[in-house]
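In: With the sequence up front, the predicted model follows.
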Amino acid sequence: MDVYLMPHNVPSKVDFSYPRHLRSVAAAFGLLRYCQRSTNLFGRELCFEFFSLHTSHLSLTKSFKNMAWSIRSKADGSGGLDSSSMNSANSAFATVIGQTGDWDILSAALAVVVVEGIGALMYKASLPLNNIFTLHVDSIRFEELGNYDLLKGRSLPVFRFILRQVSLLFLEWLLQEPAFEIFSQCVRGMSAIRGRGIHYLHTLKAANVPAELIKNGQDRVIDASLTLIRERAKLKGELLRALGGAKASASLLGVPLGHNSSFLQGPAFAPPRIREAIWCGSTNSSTEGGKELKDPRVLTDVGDVPVQEIRDCAVDDDRLMNVIGESVKLVMEEDPLRPLVLGGDHSISFPVVRAVSEKLGGPVDILHLDAHPDIYHSFEGNIYSHASSFARIMEGGYARRLLQVGIRSITSEGREQGKRFGVEQYEMRTFSRDRHLLENLKLGEGVKGVYISVDVDCLDPAFAPGVSHIEPGGLSFRDVMNILHNLQGDVVAADVVEFNPQRDTVDGMTAMVAAKLVRELTAKISR
Ligand SMILES: NC(=[NH2+])NCCC[C@H](N)C(=O)O
């Protein structure tokens, strides 16, 4: 679209031939020309033919510009960003974010607010100059209908116009790589920190609760949480030892944690749903191989780590991860109990495996079924992300071998990290070739045993739609059963993670799938 701006409506007292003003005009257009030269940097083409402006838009930046324009016109009405226009802009953003949950949009919106704020301040500062230089938009040549039709027939202060263009260039620069990436990383980092419970701490601090009191309160809540698990584990342990005859027995430990997911937090609600499905009357209490789940020598339950209650006291993730690990160790303390952990998002596997390995005094072999390798060094600035748990496990030396099966969403970082840690990554695209090997695994010899981590999204979404990350092309339920049933090795602990009840079908199909995974893992563990 071309916009022609012709000098018009210039206040009579202004004489354009007056050198001082001419110098200013020259300086202003010098700035525009400077922008023109540097536009290649921004991937944007500007072409000036005296007062004529041609822009070719990227569709992405165009839509952000539309946002910029609509906010700007609000600001225009009152001659700057006053509180009412800011409020409406705020609520507009809140709605967008509320509906999409998309932090990229927040980043873009923040960019707009920053640019607009600077623009508004600069505009206020330049008001006297604007009175001197006012241009009238006489004609607009449309190649396409664009935002500039707003200008038609209006008197425009020239400095304001220039400021707008510079603001838009800055905004476009912000929206390009790598600036946008850096900016959105910062925003994501901020939101991740907020999501990790620090806001509770801020609330407590803002209310002037002394640090000592906060710490004591946190200690007591954590103590109570661990006591609950310790005492239940003790009772189940006593019972099994009294009954005798069990060398290893699965004990459920729920970890309702969802805030380390990069997408949806629904897995925090999974443990009670899985328990409900395990005991659902539509099936029976026998595993496929004939083990009786109602026999406490096969399966017991020590309850949930009260993750939300602990986080509600502003406990950070370093400490929370330790509490999860401590809980796992409390179960392992009570021979013959072995932890079968119900997630939660996949971030919980790190503290669980760490605890298992520390308690047993050495590394384990891990069979990890998942659509994703979850081995980013950190994801969106979060080292405890559900997409980074296996990086933490491998760094810590808690696993000798890590076999990842079902992989079909992997980035170059996932592959590089896999190589770096010597991970055996079996991808879905070669599953038919690898099937024989995977259905005849022998693991855990020469180490402390085998740990099995099952992310429900290893399954094709046709079998398990109730997950946060729908990734087509996965394993069938029977593929997973064959791998598990035929695996040879001493399974010391296991987890089933990433079931998201908020995405399940109304009849709870994925809950049944997750429950059956738990039931068959129980059969695998108990002896
Ligand atoms: N445990 C999981 N479900 N992880 C999903 C990680 C998704 C992440 N966006 C990735 O690129 O890998």
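Out: Sure, I can see it.

In: tell me the average confidence for stretch 369-385?
Out: For stretch 369-385, mean pLDDT is 98.

In: Next one, pLDDT for the closest residue to the ligand within the chain please.
Out: The ligand sits closest to His346 of the chain, with a gap of 3.4 Å, by CB to the nearest ligand atom. Yep, even glycine has a C-beta here, placed from its N, CA and C like the rest. His346 is assigned a predicted lDDT (pLDDT) of 98.

In: Stretch 361-372 and the ligand, any residue contact?
Out: Yes: contact of stretch 361-372 with the ligand (CB under 6 Å from any ligand atom) involves His372.

In: So which bits of that stretch are buried?
Out: Within stretch 361-372, the residues that count as buried by 16 or more other CB atoms under 10 Å are 363-372.

In: what does the chain put close to the ligand?
Out: Near the ligand, when you scan the chain using CB under 6 Å from any ligand atom, you find 262, 346, 372, 374, 386-387, 409, 411, 455, 457, 469, 498.

In: wait, is His259 part of a strand?
Out: No: using DSSP: H, G, I helix; E, B strand; the rest coil, the assignment for His259 is coil, not a strand.

In: Mind checking which of the buried residues of stretch 361-372 are in strands?
Out: Those of these mapping onto strands are 364-369, per DSSP state E.

In: Is it possible to mark the buried ones in the residues of the chain next to the ligand?
Out: Among those, the ones that count as buried by 16+ other CB under 10 Å are 262, 346, 372, 374, 386-387, 409, 455, 457, 469, 498.

In: Where do the strands of the chain begin and end?
Out: 2-6, 45-48, 52-56, 134-141, 155-157, 249-255, 299-304, 337-343, 364-369, 399-407, 424-427, 450-455, 491-497.

In: Quick check: mean pLDDT of the fourth one?
Out: The one in question is strand 134-141. Rounded mean pLDDT across strand 134-141 is 43.

In: check contacts around Gly474.
Out: Contacts for Gly474 (CB atoms under 8 Å, 6 or more residues apart in numbering) come out as 371, 406, 408, 428, 457-461, 463.

In: just for the stretch 101-250 of the chain, where's the confidence low?
Out: With pLDDT under 70 as the threshold, the stretch 101-250 of the chain has low-confidence stretches at 101-109, 112, 115-116, 119-120, 122-161, 176-202.

In: Looks like Gln404 contacts His346 (just checking).
Out: No: in terms of CB atoms under 8 Å, Gln404 does not count as a neighbour of His346; the distance is 12.0 Å.

In: Quick one: residues in contact with stretch 353-360.
Out: Residues from elsewhere that reach stretch 353-360 (CB under 8 Å, 6+ apart): 324-326, 328-329, 332-333, 339, 363-364, 366, 392-393, 396, 398-399, 448-449, 451, 453, 492-493.

In: Generate the ChimeraX command that creates a selection of the buried members of these.
Out: Burial among the contacts of stretch 353-360 is assessed by 16+ other CB under 10 Å; the matching ChimeraX selection reads:
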select :324,325,326,328,329,332,339,363,364,366,392,393,398,399,448,449,451,453,492,493
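
In: what comes up buried for the longest helix along the chain?
Out: The residue-count maximum for a helix in the chain (DSSP state H) belongs to helix 211-243. The neighbour-count criterion (16+ other CB under 10 Å) identifies 214, 218, 221-222, 225-226, 228-230, 232-233, 236-237, 240 as the buried residues of helix 211-243.

In: and if you look at stretch 347-357?
Out: Going by neighbour count (16+ other CB under 10 Å), the buried part of stretch 347-357 is 347-357.

In: Just the CA atoms of stretch 228-241, as CSV, please.
Out: C-alpha atoms of stretch 228-241 as CSV (Å, rounded to 0.1, in the frame of the first residue of the first chain):
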residue,chain,number,x,y,z
LEU,A,228,1.3,-39.3,56.7
ILE,A,229,3.2,-41.3,54.1
ARG,A,230,5.7,-42.8,56.5
GLU,A,231,3.0,-44.1,58.9
ARG,A,232,0.9,-45.6,56.1
ALA,A,233,4.0,-47.2,54.5
LYS,A,234,4.9,-48.6,58.0
LEU,A,235,1.5,-50.1,58.5
LYS,A,236,1.5,-51.7,55.0
GLY,A,237,5.0,-53.0,55.6
GLU,A,238,4.1,-54.5,59.0
LEU,A,239,1.1,-56.2,57.4
LEU,A,240,3.0,-57.7,54.5
ARG,A,241,5.8,-58.9,56.8
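
In: okay, Arg72: pLDDT?
Out: 42.

In: Please apply the same query to Phe499.
Out: 98.

In: wait, what's in contact with it?
Out: Phe499 sits next to 267, 270, 273-274, 343, 456, 464, 466-467, 510-511, 513-514 when contact means CB under 8 Å, 6+ apart.
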